[in-house]
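Student: got a structure for you, letters missing:
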C-alpha cells in the first residue's frame, strides 16, 4: 500500500460514497415500483404517496402514474396537510429525506406486521 495521502484518500472516497450507494440502491430495489417519497421544500415537508419511481437522474428522481397520486404538504403550525393530486413529480435528490415501498393493500385485515 502506498503512503501517498492522495492515493489513500482517493481509494477511501471511491470505497465509500454514500450518495452513489443511495442511487444504486434506488435503482436496484425501488425503480419501476410504487414508492412514497418524503422531501423538503423550504420550510415545508412534503410526501409523494403512491407514485411509480420511473426515472433516476443525476440529481433528481421522477415519479409518475397513469392516473394520479397524492402529494401531501405539511406546513409548520397547520394540523392538516394540504393535499393535491398529480400525475408526474420531479424531486431534487438533495431534498429527499426518505424513499419507502409501501405494503400492498389487503382486502381484509389480518393484523400482521409483514407485507
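Tutor: It's in. Model, not experiment: these values are computed from the prediction.
Student: Tell me which stretches of this protein form helices.
Tutor: 5-15, 18-29 (DSSP state H).
Student: Mind telling me which of those the model trusts least?
Tutor: Lowest mean pLDDT within these: helix 5-15, a mean of 51.
Student: Distance check, the residue most central in space within the chain against residue 51.
Tutor: In the chain, the residue lying closest to the centroid (CA atoms, centre = their mean) is residue 99, at 3.1 Å. When CB to CB, to the nearest Å is the yardstick, residue 99 and residue 51 sit 11 Å from each other. C-beta: built from backbone N, CA, C; applies to glycine.
Student: what's the overlap in contacts for those two?
Tutor: Taking CB atoms under 8 Å, 6 or more residues apart in numbering as the contact definition, residue 99 and residue 51 share the neighbouring residues 35, 37.
Student: where in this protein is pLDDT low?
Tutor: Low-confidence segments of the chain, defined by pLDDT under 70, are located at 1-20, 106-115.
Student: Could you rerun that using 80?
Tutor: Judged against pLDDT under 80, the low-scoring parts of the chain cover residues 1-20, 105-115.
Student: Now do the strands in it.
Tutor: In order along the chain, the chain carries the following strands (DSSP state E): 34-41, 44-56, 60-74, 82-92, 96-100.
Student: Paired strands for the longest one, with orientation please.
Tutor: If I follow you right, that is strand 60-74. Each strand paired with strand 60-74, and its direction, by DSSP bridges: strand 44-56 (antiparallel), strand 82-92 (antiparallel).
Student: what's the longest one in contact with?
Tutor: Spelled out, that is strand 44-56. Contacts made with strand 44-56 from outside it, assessed by CB under 8 Å, 6+ apart, are listed as 23, 26-27, 30-40, 61-65, 69-76, 81, 86, 89, 91, 97, 99, 102.
Student: Buried subset of those residues as a ChimeraX selection?
Tutor: This is the ChimeraX syntax for the buried subset of the contacts of strand 44-56, where burial follows 16 or more other CB atoms under 10 Å:
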select :23,26,30,34,35,36,37,38,39,61,63,64,65,69,70,71,72,81,89,91,99
